[in-house]
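Peer 1: Kindly return the folded structure for what I paste below:
(4 chains)
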There are 2 protein chains.
Amino acid sequence: MQKNRSEKYHKILNSAGAVFAKYGFYKATISQIASRAGVADGTLYLYFKNKDDILYQYIHYKTGIVFEKMNDAVAAGKTAEEKLRNLIRCHLQEFQGDRNMAVIFQSEVRYLRDIQSQIKDISKMYLDLLSDIIEQGQIEGSIRQDLFVGLVKRFILGAVEGVISTWVSAGSRYDLVAMADPLVDLYLNGVKGR
Amino acid sequence: MQKNRSEKYHKILNSAGAVFAKYGFYKATISQIASRAGVADGTLYLYFKNKDDILYQYIHYKTGIVFEKMNDAVAAGKTAEEKLRNLIRCHLQEFQGDRNMAVIFQSEVRYLRDIQSQIKDISKMYLDLLSDIIEQGQIEGSIRQDLFVGLVKRFILGAVEGVISTWVSAGSRYDLVAMADPLVDLYLNGVKGR
DNA sequence: TTGGATAATGAATATATATTCATTCAAGAA
DNA sequence: TTCTTGAATGAATATATATTCATTATCCAA
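Peer 2: So this is what the prediction gives:
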């Protein structure tokens, strides 16, 4: 099994992404992935240990890219509110830009937890980013003190994921990034009339 | 294939719930389900068309129960805020009371959408309930007018699901229902400091 | 041009398990 | 007690597909 990140390696990863997204991990077959990548079935095994490994590498690769961008986005903000806004916008942008990834992250996360619990999953990283932002906001005074931070984090992430999930189910037709500001507004101000 | 809802039918459904929750639909085997139910493999086929059908019936059955309770909970409230609070509390309560269901709803929804698109999925029903509540709140004046209702619904549902998901991953150790009030507080008031 | 190494192939294999069905069992009727 | 009918069994079957590996192609250095 080669480990160099050749062009073919990425070709296979991309094909796998498309096939997994379309059929789900279990219904996707090695032959489908191979033929979409324009290689023979056996070739996949020169680059990946097995079918599980393909999914694992895919997530690992995508997670790395996305998380780096999210980190940058947060770092680019000064206040907690700016950071939060940047994070949410970045999140929506990345997922809008890669629908296969969005579908796979949505559907196969559970299976992944089973096969590779050492994968630093994107939720965990995300929640840590949020912790810092919330803490900063509380110090600044822009975020309430009387909050259960563990709940707030899940609340924020859950809502974004829900929004993405809807977008995916609806066939990815509308502009997801446009949801960023209204969403942040909901986080900050809630729905209550005044 | 029998259609009467005998005791054995429910025994099998329950076993299936436990096995699906533990291993996931694909890794779960007919033999595991059968042996847990204390019947022979072939017996499952007297009650269910095939493996897919077991999952389908399971979700269908659970959805019916849960949705009825949710409906009642909402109906028991007078103001929009009461209704929302009742709904969220009911939601958390039902899922806390049936962890297998919580896991399965979380993990296998996508597969279900594929096999049985005619299943009135719980999200859809839920979102409709929320629509009514939001609309009522806007009329009452307890909920802001300047909201994109489609987004608010997803925002609310996403956040509850996220909270449940965390609870499941954490091994269902803490009291989920206790999250209801803080969560509703977040929906209503947001996180912004004043 | 050739030889050796590396990469790719795809037919054959191995395995897993969903599903079937000939047989057995159980219970009530005659 | 014997018959009849429907339920239940579980060993045998059928199928699907992940994985292997003997063979072939490709590439590059000498």
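Peer 1: The residue of chain A found nearest DNA strand C: which element?
Peer 2: As assessed by CB to the nearest atom of the strand, DNA strand C sits closest to A:G42 within chain A, at 1.8 Å. For the C-beta atoms, the positions are set from N, CA and C on the backbone; glycine is no exception. Remark: A:G42 resides in helix A:41-47, with elements defined by DSSP states H and E.
Peer 1: downstream neighbour of that helix in the secondary structure list?
Peer 2: helix A:51-76.
Peer 1: Show me how far that next one is from its chain's centre.
Peer 2: 7 Å (CA atoms, centre = their mean, to the nearest Å).
Peer 1: Near A:L183, how many other residues are there?
Peer 2: The tally of other residues near A:L183 (other CB atoms under 10 Å in any protein chain shown) stands at 27.
Peer 1: dump the residue contacts of it.
Peer 2: Applying CB atoms under 8 Å, 6 or more residues apart in numbering or on different chains to A:L183 gives the contacts A:I88, A:A159, A:V160, A:V163, B:L151, B:F155.
Peer 1: neighbour-wise, which of these leads?
Peer 2: That'd be A:A159 among the contacts of A:L183, by other CB under 10 Å, with 27 neighbours.
Peer 1: quick one: it and A:A37, what's the gap?
Peer 2: For A:A159, the distance to A:A37 equals 36 Å [CB to CB, to the nearest Å].
Peer 1: just A:D132 next, same as before
Peer 2: Per CB to CB, A:D132 is found 40 Å from A:A37.
Peer 1: what do you get for A:F155?
Peer 2: 40 Å.
Peer 1: just A:K22 next, same as before
Peer 2: 14 Å.
Peer 1: of these two, who's got more company?
Peer 2: More crowded of A:K22 and A:A37, by other CB under 10 Å: A:A37, with 22 against 13.
Peer 1: Quick check: pLDDT value at that one.
Peer 2: A:A37 carries a pLDDT value of 96.
Peer 1: And for A:V109?
Peer 2: 72.
Peer 1: was I right about it contacting A:K124?
Peer 2: No. Applying CB atoms under 8 Å, one finds A:V109 not in contact with A:K124, separated by 11.3 Å.
Peer 1: Between those two, point out the one with more neighbours.
Peer 2: Using other CB under 10 Å as the criterion, A:V109 and A:K124 rank with A:V109 on top: 18 against 10.
Peer 1: ok, and the closest non-adjacent residue to that one?
Peer 2: By the measure of CB to CB, 6 or more residues apart in numbering or on different chains, the closest residue to A:V109 outside its immediate chain neighbours is A:D121, 7.0 Å from it.
Peer 1: close enough to count as contact, that neighbour and A:T63?
Peer 2: Yes. At 7.5 Å, A:D121 counts as touching A:T63 under the criterion of CB under 8 Å.
Peer 1: ok, back up a step: can you list the contacts of A:L183 in JSON lines and add distance to DNA strand D and secondary structure?
Peer 2: Output for the contacts of A:L183, formatted as JSON lines (distance: CB to the nearest atom of the strand, whole Å; DSSP: H, G, I helix; E, B strand; the rest coil):
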{"residue": "A:I88", "distance to DNA strand D": "37", "secondary structure": "helix"}
{"residue": "A:A159", "distance to DNA strand D": "35", "secondary structure": "helix"}
{"residue": "A:V160", "distance to DNA strand D": "32", "secondary structure": "helix"}
{"residue": "A:V163", "distance to DNA strand D": "32", "secondary structure": "helix"}
{"residue": "B:L151", "distance to DNA strand D": "38", "secondary structure": "helix"}
{"residue": "B:F155", "distance to DNA strand D": "38", "secondary structure": "helix"}
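Peer 1: Could you work out the most separated pair of those?
Peer 2: A:I88 and B:L151 (12.5 Å; CB to CB).
Peer 1: Let me know the pLDDT of A:M125.
Peer 2: Note on A:M125: pLDDT of 89.
Peer 1: how about the residues of chain A that lie near DNA strand D?
Peer 2: A:K27, A:A28, A:T29, A:I30, A:S31, A:D41, A:G42, A:Y45, A:N50, A:K51, A:D52 (CB under 7 Å from any atom of the strand).
Peer 1: which one of those residues sits closest to A:R99?
Peer 2: Distance to A:R99, by CB to CB, is smallest for A:A28 among these, at 16.0 Å.
Peer 1: what about the closest one, which SS state?
Peer 2: Using DSSP: H, G, I helix; E, B strand; the rest coil, the secondary structure recorded for A:A28 is coil.
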